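Trainee: The sequence isn't on hand, but the structure is:
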């Protein structure tokens, strides 16, 4: 598992994301609105369906979901968002991708550039690191919640790609198209998940230690805190103990 996935899992476990629920709702509403431009019916729009599932996982009120869809389809007046993908490098030369959804391109570029520069990173050209990542479904399950055999049966029966042992969690990897079916099977088996999302998984990882690892966490937090940031992906890795400490 990449350091970023470990980081997200730790924060989910600690409930650290609860303090940012307002930002999480804003991020999901933006995603629903943009996805709905491709059609307001989730049955015929996989991206919208995924966004709605993410909203429900965060207990977003149905009325909020409905309004976000209507803004995307044009039924309600809404903000015109632009999607931008930034690529760059962090401490130790690790690869970073930042997905941004914004109504002010100049502001977004300025904030992301500042976050990189202030925390030992730098922006790269388009395509400079994207080739290191592939879009995958990722489902993390506590070791205490399910056995390897239980999860492997689900992976094999519902089109999953792999099951990995990541210390105190199991990690199910799927093709993006199979993520919904595998996640539904896990839920049907009454197995709670730590996280379940379609993400970017790196093909190689860079192990960071000491001050470099600490600086990477600061950069990651700075990028995540930018108002227009939707997702941050990286191929860093570090000791779980240091990551736990950084997560507070």
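Mentor: On my side now, so go ahead. Everything numeric here is computed off the predicted structure, so don't read it as measured data. Residues are numbered from 1 along each chain as shown.
Trainee: make it CA atoms for all contacts and neighbour counts henceforth
Mentor: Fine.
Trainee: Report how many residues lie close to residue 224.
Mentor: Residue 224 has 18 neighbouring residues, counting by other Cα atoms under 10 Å.
Trainee: Can you check the pLDDT for it?
Mentor: At residue 224, the model reports a pLDDT of 89.
Trainee: Relative to the whole chain's centre, how far out is stretch 38-48?
Mentor: Put simply, stretch 38-48 sits 20 Å off its chain's centre (Cα atoms, centre = their mean, to the nearest Å).
Trainee: ok, now stretch 132-140?
Mentor: 9 Å.
Trainee: How about stretch 147-165?
Mentor: That offset, for stretch 147-165, works out to 21 Å (Cα atoms, centre = their mean).
Trainee: Check stretch 129-148 too.
Mentor: Stretch 129-148 has its C-alpha centroid displaced from the chain centroid by 11 Å (Cα atoms, centre = their mean).
Trainee: So what touches it?
Mentor: 9, 87-88, 95-97, 168-176, 178-179, 183, 191-204 (Cα atoms under 8 Å, 6 or more residues apart in numbering).
Trainee: Do a quick rundown of the strands in the chain.
Mentor: Per DSSP state E, the chain carries strands over the ranges 82-89, 95-102, 122-123, 133-142, 160-166, 169-174, 195-202, 206-207, 229-234, 236-237.
Trainee: Any idea how many residues pack against residue 113?
Mentor: 17.
Trainee: wait, isn't it in contact with residue 124?
Mentor: No. Residue 113 lies out of contact with residue 124 (Cα atoms under 8 Å); the separation is 10.2 Å.
Trainee: Can you pull the phi and psi angles for the residue lying farthest from the centre of the chain?
Mentor: For the chain, the largest distance from the centre (Cα atoms, centre = their mean) belongs to residue 75, which lies 28.6 Å off. Reported as degrees, to the nearest 10, the phi and psi values for residue 75 are phi -70, psi -30.
Trainee: can you check the one 3 residues further on too?
Mentor: Residue 78 has phi and psi values of phi -150, psi 180 when expressed as degrees, to the nearest 10.
Trainee: if we can go back for a sec, of all the strands of the chain, which one is nearest residue 153?
Mentor: strand 160-166 (9.7 Å; Cα to Cα).
Trainee: related to what we said a few turns ago, restricted to buried residues, select the contacts of stretch 129-148 in PyMOL.
Mentor: Remark: buried members of the contacts of stretch 129-148, expressed as a PyMOL selection using 16 or more other Cα atoms under 10 Å:
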select buried, resi 9+87+88+95+96+97+169+170+171+172+173+174+175+176+178+179+183+191+193+194+195+196+197+198+199+200+201+202
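Trainee: can you tell me which residues contact residue 202?
Mentor: Contact partners of residue 202, counting by Cα under 8 Å, 6+ apart, are 2, 132-134, 234-235.
Trainee: hmm, back to that, out of the strands of the chain, which is closest to residue 54?
Mentor: strand 195-202 (7.7 Å).
Trainee: Spatially nearest residue to residue 186, not counting backbone neighbours?
Mentor: residue 154 (7.1 Å; Cα to Cα, 6 or more residues apart in numbering).
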